[in-house]
Structures are given as structure tokens and as C-alpha cells.
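> predicted structure and sequence below. I'll ask about it afterward.
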Amino acid sequence: MRKVWPAVVCDVVCVVAFTLVGTANHATAGSFGHVALVGLPFLLGQAVGWLATRAWRSPARPWPTGVAVWFATVALGLALRPLFVGGFAIPFALVTAAFLGATMLGWRAVATVLARRATTPGAPAAG
């Protein structure tokens, strides 16, 4: 269970960073309520992705766990977004998928490389 919480935090931080960067770029970050409404659909999608994939069994694996959680986060977040803050645009969907893909799959890729280095005999120590 100890290995699960850092993964949950990393995924949530990815969505929060996405939300903060997006609202800051559109000059709507001043209101906590608005920022929360923008991020909430994606956090809900992420939670569904974690539950549907049972991501806690191997939370740092890029495939299939990371891809499935990322897909659920993006697909459900985009589907739910109009219910929270309204509007949908293809460019927003593309930026969303790219940003969340880079961050959510990126931390998993880094974790995988570090874990392999730590278990490879003769590999230089990390740090």
C-alpha cells in the first residue's frame, strides 16, 4: 500500500498542474472555485480510471496501467467538462491529451527506468 500513495499523488499533481497552467494561460486562475470546477471532471475521470484498471496493483507501470488511467482521465474529463464549466473544443482536447499524456506517462517512465537501474546488478547507484 505504501507504493500506491506516491502514484496517486503524482497523478493528481499532473491534473492539478494541467488545471493551473490552463487557467493561468486563460486569465481565469484568480478564482479557486473556477479552478476547482475546471479540474474536477478530470480528477473524477482519473478516479474512475484507477478503479476500473485496479491501478493500485501496479501503479507505476506505463503499460497498461498508465495508458488506461491516462485515457480514462482524458476521455471522461472531456466528457464531463461541459457539465462543470461548459464548452468543448478540439484544440483543447488535443492539448489536454498531450499534456496529461506527457506528465502521467512521463512520471511512470521515469519511475520504471529508476526501478530497473536499482535492480540491475552492477548498475551505478542512483543519486
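Great, that's in hand.
> tell me the pLDDT at Val16?
You'll see Val16 listed with a pLDDT of 96.
> same check, this time on the one 5 residues further on
Looking at Val21, its pLDDT is 92.
> for it, give me its contacts.
Val21 makes contacts with Phe99, as judged by CB atoms under 8 Å, 6 or more residues apart in numbering. (C-beta placed from N, C-alpha, C; glycine too.)
> what about it, helix or strand, and which?
helix 4-25 (DSSP states H and E).
> how far out from the middle of the chain is that helix?
6 Å (CA atoms, centre = their mean, to the nearest Å).
> now stretch 70-86
Per CA atoms, centre = their mean, the centroid offset for stretch 70-86 relative to its chain is 13 Å.
> the helix or strand containing Gly45: what's the following helix or strand?
Taking DSSP H and E as the criterion, Gly45 maps to helix 32-53. The helix or strand immediately downstream of helix 32-53 is helix 67-84, counting by DSSP H and E.
> quick check: angle from that next one to helix 4-25?
Following axes from the mean of the first three to the mean of the last three CA atoms, to 10 degrees, one obtains 40 degrees for the angle between helix 67-84 and helix 4-25.
> what's helix 67-84 packed up against?
helix 4-25, helix 32-53, helix 90-119 (3 or more CB pairs under 8 Å, 6 or more residues apart in numbering; DSSP states H and E).
> and that helix, average pLDDT?
Rounded mean pLDDT across helix 67-84 is 97.
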